[in-house]
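Asker: After the sequence you'll find the predicted model.
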Amino acid sequence: MARGPRYSVPFRRRREGKTDYRLRLRLVKSGLPRVVVRGTLKHFIAQVVKAEVDGDKVLASAHSKELVRDYGWLGGCGNVPAAYLTGYLCGFKALRKGIKEAVLDIGLHSPTKGSRVFAALKGFVDAGVSIPHGDVILPSEDRIKGGHIADYALKLSAENKDLYQLRFSSYLARGLPPEDLPKHFEEVKNRITQTFSSQG
């Protein structure tokens, strides 16, 4: 516990492992809105947030549940393709609010090459939002479309049908063979694009 007269207790959210205040300060000092991307095991959330004196203000937001409800997404909501599409959707919402430039805030996520947070970043960039980044950190196009999932499903289907049915039961219950995920990804992405292009 606390020892010595110069010890200061860290802020509560730092103690709880929720906020890196040094990183947050650097991002806020940029003067740009923050693209906040967070993932759970089953879902992904993307927001464009502006820091104000009385607290953060959310300017645009998207949840992977919207992909299912509004665009007919049949894949998982917590994987790389869903993260990209959530970022893509939120990017269009941000542009509609006049936000053309932002900085990425991944919170306490480890900056792992090809991870979901960088798939969401790619979605924002493809939608037209300018965010500083290096291309080397982004997932490959094949991974973004779910090619790795489709390849694994094909292999598993040939080797062990029972395990295939077990591992991909949720996909099959929704009527999507996992081998068709890349094609379905493109269909949903086109629906998002068409929705916002028709709105001007």
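Answerer: Okay, I see it.

Asker: Secondary structure class of Lys50, three-state.
Answerer: strand (DSSP: H, G, I helix; E, B strand; the rest coil).

Asker: That one: how many residues sit nearby?
Answerer: Using other Cβ atoms under 10 Å, Lys50 is surrounded by 15 other residues. In short, each C-beta sits where N, CA and C put it, glycine included.

Asker: With Thr112 instead?
Answerer: Neighbours of Thr112 (other Cβ under 10 Å): 11.

Asker: Same question for Asp54.
Answerer: 5.

Asker: now swap in the one 5 residues further on and tell me
Answerer: A total of 17 residues lie near Leu59 under the criterion other Cβ under 10 Å.

Asker: any weak-confidence spans in the protein?
Answerer: 1-4, 11, 13-27, 108-109, 199-200 (pLDDT under 70).

Asker: what sits up against the helix or strand containing Asp151?
Answerer: According to DSSP states H and E, Asp151 maps onto helix 147-159. Helix 147-159 has contacts (Cβ atoms under 8 Å, 6 or more residues apart in numbering) with 75, 79-81, 142, 163-164, 167-168, 177-182.

Asker: neighbour-wise, which of those residues leads?
Answerer: Most surrounded of the contacts of helix 147-159: other Cβ under 10 Å gives Pro81, at 29 neighbours.

Asker: dump the residue contacts of it.
Answerer: Gly75, Ala119, Ile144, Lys145, Gly146, Ile149, Leu181, Phe185.
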